[in-house]
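Chemist: With the input below, show me the fold.
(one chain, ligands or ions: 2)
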Amino acid sequence: MKLTGVELRTVEMPLVAPFRTSFGTQQVREILLLRVVTPEAEGWGECVAMSDPLYSSEYASACADVLRRFLIPALGRIRDLDATRVAPTLAPFKGHRMAKAALEIAVLDAELRARGMPLSRELGAVRDRVDCGVSVGIMESIPQLLDAVAGYLDAGYLRIKLKIEPGWDLEPVRAVRERFGDGVALQVDANTAYHRTDARHLARLDPFDLLLIEQPLDEEDVLGHAQLARQLTTPICLDESIVSARAAADAIALGACSIVNIKPGRVGGFLEARRIHDVCVAHDVPVWCGGMLESGIGRAANLALAALPGFTLPGDTSASDRYYARDVTEPFRLDRGQLAVPTGPGIGVEPIAEALDAVTTSTEWIAV
Ligand SMILES: CC(=O)N[C@@H](Cc1ccc2ccccc2c1)C(=O)O
Ligand SMILES: [Mg+2]
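Modeler: Ligands and ions are numbered 1, 2, ... in the order given. From the prediction side, this is the model:
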């Protein structure tokens, strides 16, 4: 394929409720969407970066800038482009994994649509439905938390993940266990909010039989997680730290994690995400698909990845209505705790033009 150009479109989607984590509270999700145009087909990609560099160093307007000035022009110079050429072509530009991931999946979507091949088939999916968990934010009070969890369990979610931070950890976990029992699949996510010196405090979570504790320490503190793993019985899962297949292999070898949260945007794309899956499967490390409050565009692609064999734990691929009153695609609806993997060519969904326009705050065309 030869690239004709790329549309950078920014949308702002109001959340159905504020979503609070250890790094802040979100009310609106600003999303950078890419539409890659080639003579054969068009492709869509979603950049998972937040508006502010609070989850990672990347943020939406920086992604737009690096795409506009460096990444898109570099791909424009490739005559016979396909998705496997994207990462090597962009490798000279350091970092910017979320920007690179958005561009790669958009190119892959166009390539697969031209071939009539579903992304799930291309990646090696082995199932056509995915078990879904849900991420529950930090709340104003325990009663408010319990109401939220009750609602998600009623909706059919197969796993509950609670955001925690110092001062909101033991009590919410204890309250959920007391109200809903030991049978509920329950885990926590600290988003790097703790330090090595909190080990004894975090060990007090062990009696609650959690599936895992996600990213308790700083994303660069792999050694700290290895030390913590020897002080807790609760398995450690890494998210922010796992930026590549190499980072996954090193974290596993060092004993820093025994479960991995895979997010294609965080690791530079779906092809690297599959390599991380393969590394983890080779080490008997279970993986699950994380979420970045994606629109239906990103959600569709994540479902294809979550259908790979090593994804044996429910992920954060929740239904559209967990975050949005109206999605920019047909909404993903939970059915008995699962979402169906799209079956159409490429990512298998299209934005609904009117829904997309209703939330668009800017669009620009970058010819190459
Ligand atoms: C579902 C979930 O918990 N996701 C991230 C954290 C997160 C939380 C809030 C976000 C708001 C805007 C964009 C990305 C965001 C990511 C995580 O697993 O760590
Ligand atoms: Mg996380």
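Chemist: quick one: the helix or strand hosting residue 145 to chain centroid distance?
Modeler: Using DSSP states H and E, residue 145 sits within helix 142-155. The chain centroid and the centroid of helix 142-155 are separated by 23 Å, computed with CA atoms, centre = their mean, to the nearest Å.
Chemist: helices or strands up against the longest helix seen in the chain?
Modeler: Scanning the chain for the longest helix, with DSSP state H as the assignment, gives helix 97-115. When contacts are defined as 3 or more CB pairs under 8 Å, 6 or more residues apart in numbering; DSSP states H and E, helix 97-115 packs onto strand 24-37, strand 42-47, helix 60-66, helix 72-76, helix 83-90, helix 119-123, helix 264-267, helix 270-282. For the C-beta atoms, the positions are set from N, CA and C on the backbone; glycine is no exception.
Chemist: With only the CA atoms kept, save that helix in PDB.
Modeler: C-alpha atoms of helix 97-115 as PDB (Å, rounded to 0.1, in the frame of the first residue of the first chain):
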ATOM      1  CA  ARG A  97       4.500   4.300  21.900                       C
ATOM      2  CA  MET A  98       0.900   5.300  22.100                       C
ATOM      3  CA  ALA A  99       1.200   7.600  19.000                       C
ATOM      4  CA  LYS A 100       3.000   4.800  17.100                       C
ATOM      5  CA  ALA A 101       0.400   2.200  18.200                       C
ATOM      6  CA  ALA A 102      -2.500   4.300  16.900                       C
ATOM      7  CA  LEU A 103      -0.800   4.700  13.500                       C
ATOM      8  CA  GLU A 104       0.100   1.000  13.300                       C
ATOM      9  CA  ILE A 105      -3.400  -0.300  14.000                       C
ATOM     10  CA  ALA A 106      -4.900   2.200  11.500                       C
ATOM     11  CA  VAL A 107      -2.500   0.900   8.900                       C
ATOM     12  CA  LEU A 108      -3.200  -2.700   9.900                       C
ATOM     13  CA  ASP A 109      -7.000  -2.000   9.800                       C
ATOM     14  CA  ALA A 110      -6.700  -0.600   6.200                       C
ATOM     15  CA  GLU A 111      -4.500  -3.500   5.100                       C
ATOM     16  CA  LEU A 112      -6.900  -6.100   6.600                       C
ATOM     17  CA  ARG A 113     -10.000  -4.400   5.200                       C
ATOM     18  CA  ALA A 114      -8.400  -4.500   1.700                       C
ATOM     19  CA  ARG A 115      -7.800  -8.200   2.200                       C
END
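Chemist: ok, it near ligand 1 or not?
Modeler: No - Helix 97-115 stays clear of ligand 1 (CB under 6 Å from any ligand atom), getting no nearer than 10.3 Å.
Chemist: Mind listing what's buried along that helix?
Modeler: By 16 or more other CB atoms under 10 Å, the buried positions in helix 97-115 come out as 97-114.
Chemist: surely residue 291 meets residue 320?
Modeler: No - applying CB atoms under 8 Å as the test, residue 291 and residue 320 come out as separate, 11.6 Å apart.
Chemist: how close does the residue in the stretch 1-150 of the chain positioned nearest to ligand 1 sit to residue 20?
Modeler: Residue nearest to ligand 1 within the stretch 1-150 of the chain (CB to the nearest ligand atom): residue 135, separated by 3.6 Å. Applying CB to CB, to the nearest Å, the value for residue 135 to residue 20 is 11 Å.
Chemist: Spell out which residues of this protein are next to ligand 1.
Modeler: The chain comes close to ligand 1 at residues 19, 21, 26, 29, 50, 55, 135, 189, 191, 239, 290-293, 316, as judged by CB under 6 Å from any ligand atom.
Chemist: try 5 Å
Modeler: 21, 26, 50, 135, 290-293, 316 (CB under 5 Å from any ligand atom).
Chemist: Using neighbour counts, trim those residues to the buried set.
Modeler: In these, burial by neighbour count holds for 21, 26, 50, 135, 290-293, 316, counting by 16+ other CB under 10 Å.
Chemist: Spatially, what comes nearest to whatever residue of the stretch 201-350 of the chain ends up closest to ligand 1 if we skip its sequence neighbours?
Modeler: Minimum separation of the stretch 201-350 of the chain from ligand 1 (CB to the nearest ligand atom) falls at residue 291, amounting to 3.9 Å. Distances taken as CB to CB, 6 or more residues apart in numbering place residue 316 nearest to residue 291, at 3.3 Å, with adjacent residues excluded.
Chemist: and that neighbour, how far is that from residue 10?
Modeler: In terms of CB to CB, residue 316 sits 23 Å off from residue 10.
Chemist: And residue 63, by the same measure?
Modeler: Distance from residue 63 to residue 10, counting by CB to CB: 10 Å.
Chemist: Quick check: the residue of the stretch 1-150 of the chain closest to ligand 1 is in a strand.
Modeler: Yes - counting by DSSP: H, G, I helix; E, B strand; the rest coil, residue 135 is found in a strand.
Chemist: For residue 205, list the residues it contacts.
Modeler: 169-170, 173, 188, 213, 232, 234 (CB atoms under 8 Å, 6 or more residues apart in numbering).
Chemist: Please work out how many residues are found near the closest residue to residue 329 other than its chain neighbours.
Modeler: Distances taken as CB to CB, 6+ apart place residue 296 nearest to residue 329, at 3.0 Å, with adjacent residues excluded. When counting by other CB atoms under 10 Å, one arrives at 24 neighbours for residue 296.
Chemist: Confirm for me that residue 296 is in contact with residue 323.
Modeler: No - using CB under 8 Å, residue 296 is not in contact with residue 323; the gap is 10.6 Å.
Chemist: which residues touch the residue nearest to residue 291?
Modeler: Per CB under 8 Å, 6+ apart, neighbours of residue 316: 133-135, 161, 261, 288-291.
Chemist: No further questions, thank you.
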